[in-house]
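Engineer: sequence and predicted structure below; questions after.
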Amino acid sequence: MELWAQEYINMEVSAHVTINNQGKGEFQFGLVQGNFKVDFGQTYFDSEWVGCDEMDDVSGEIYATFEEEELRGSISFHKGDESEFRAVKK
């Protein structure tokens, strides 16, 4: 993520985006946590997310493309910040 310092991004846990086999997704970076839904069968997804930032309710949009072993996209807050990200498959 280019918008926040690396120390913040991994402050509480290692920043991650996780999607299970049922299409339920979650992410965390810094003190921000979010949940979203993915419809499989495409090379990308565009989804609304809901979550919290330091105990305050927040929401936004997450967009990403699947590129071999990587997920590349952006996370945005409603009426707020937006940052691109890259996640590597474990």
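Structural biologist: That came through fine.

Engineer: okay, CA-based contacts and neighbour counts for the rest of this
Structural biologist: Will do.

Engineer: any idea what the most centrally placed residue in the chain is bridged to?
Structural biologist: The residue at the geometric middle of the chain, judged as the C-alpha nearest the mean C-alpha position with Cα atoms, centre = their mean, is residue 27 (4.5 Å). Under the criterion DSSP bridges, residue 27 forms beta bridges with residue 17, residue 34.

Engineer: now do residue 72
Structural biologist: Residues in a beta bridge with residue 72, per DSSP bridges, are residue 65, residue 86.

Engineer: now do the strands in this protein.
Structural biologist: Taking DSSP state E as the test, the strands found in the chain are 16-19, 24-29, 32-37, 44-53, 56-67, 70-77, 82-88.

Engineer: and among these, the most buried is which?
Structural biologist: strand 32-37 (a mean of 20; mean count of other Cα atoms under 10 Å).

Engineer: pLDDT (mean, whole number) over that one?
Structural biologist: The average pLDDT for strand 32-37 rounds to 97.

Engineer: just checking, what packs against it?
Structural biologist: Judged by 3 or more Cα pairs under 8 Å, 6 or more residues apart in numbering; DSSP states H and E, strand 32-37 is in contact with strand 24-29, strand 44-53.

Engineer: now those strands in a markdown table, with mean pLDDT and distance to residue 83?
Structural biologist: Putting the helices and strands packed on strand 32-37 into a markdown table (pLDDT from 0 to 100; distance: least, Cα to Cα, whole Å) gives the following:
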| stretch | mean pLDDT | distance to residue 83 |
| --- | --- | --- |
| strand 24-29 | 96 | 11 |
| strand 44-53 | 95 | 14 |
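
Engineer: any chance of those strands in JSON lines, with distance to residue 13 too?
Structural biologist: Conversion of the helices and strands packed on strand 32-37 to JSON lines gives the following (distance: least, Cα to Cα, whole Å):
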{"stretch": "strand 24-29", "distance to residue 13": "7"}
{"stretch": "strand 44-53", "distance to residue 13": "14"}
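
Engineer: to residue 37, which of those strands lies closest?
Structural biologist: Of all these, it is strand 24-29 that lies closest to residue 37, at 4.9 Å by Cα to Cα.
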